[in-house]
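Undergrad: coords please:
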Amino acid sequence: MAFCNNCGSELKEGARFCEQCGTPVQQAPQAPEQPAYTYQEPVYQQPAYTYQQQYTYQQPEVVTPAPAQSGDAKGAMIMSIIGLALSELGIPGIILSAIAKGKVKKAEEAGATGGMVKVGKILSKIGMIVSIVMTAFWTLYFFIIIGVAASGALDYLY
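TA: Presented below is the predicted three-dimensional model:
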């Protein structure tokens, strides 16, 4: 739909003058017709290699882990070290070793497979075992102390 440049009234299609003000209508330049598209089969050629190009040694590409993977692996290893260090306390060691085991699993799901993940996995298992043993020890120790105190065996010390 076209409008007159002078008065702004609507112009009929194909009009050469405006019906309202009589101004000549400027025709928009016609776009040249595009030829019909014809499909041309692509030509594939084997690249020409020289002897030197074929037998040159290329360095293998070094792939660095994504930051999320290395961060997960580092977190798993640090948490397992803390869990192992606190395993002497018993239950806190169990809790931290369980958290470390979860972080190891998360790191493995993210695709991290390096040494930090393996160390984290091993240390979290050792921390869990030591924590369970120490929990049993402290429980037994507590009941022995309570039993001795309740029996009156410590009365002779005072």
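Undergrad: what about Gly14, which SS state?
TA: Per DSSP: H, G, I helix; E, B strand; the rest coil, the local secondary structure of Gly14 is coil.
Undergrad: Repeat that for Gly111.
TA: Using three-state DSSP, the secondary structure recorded for Gly111 is coil.
Undergrad: where do the helices sit along this structure?
TA: Across the chain, reading from the start of the chain, the helices by DSSP state H fall at 51-54, 67-85, 91-109, 115-151.
Undergrad: pLDDT-wise, which helix or strand of this structure ranks last?
TA: Across the helices and strands of the chain, mean pLDDT, DSSP states H and E gives its lowest value to helix 51-54, namely a mean of 56.
Undergrad: what's the closest of the helices of the chain to Gly22?
TA: Closest to Gly22 of these is helix 67-85 (Cβ to Cβ; 72.7 Å). (C-beta placed from N, C-alpha, C; glycine too.)
Undergrad: Buried residues of the closest one, list them for me.
TA: Of the residues in helix 67-85, 69-70, 72-77, 79-84 count as buried by neighbour count, 16 or more other Cβ atoms under 10 Å.
Undergrad: which one in this protein is furthest away from the centre?
TA: Using Cα atoms, centre = their mean, the residue of the chain lying farthest from its centre is Gly22. It sits 69.0 Å away.
Undergrad: what pLDDT does that one get?
TA: pLDDT for Gly22: 82.
Undergrad: Likewise for the one 4 residues further on?
TA: On the pLDDT scale, Gln26 is placed at 75.
Undergrad: Which phi and psi values does the residue farthest from the centre of the chain adopt?
TA: Recorded main-chain torsions at Gly22 are phi 80, psi 10, according to degrees, to the nearest 10.
Undergrad: Who are the contact partners of it?
TA: The neighbourhood of Gly22, defined by Cβ atoms under 8 Å, 6 or more residues apart in numbering, contains no residues.
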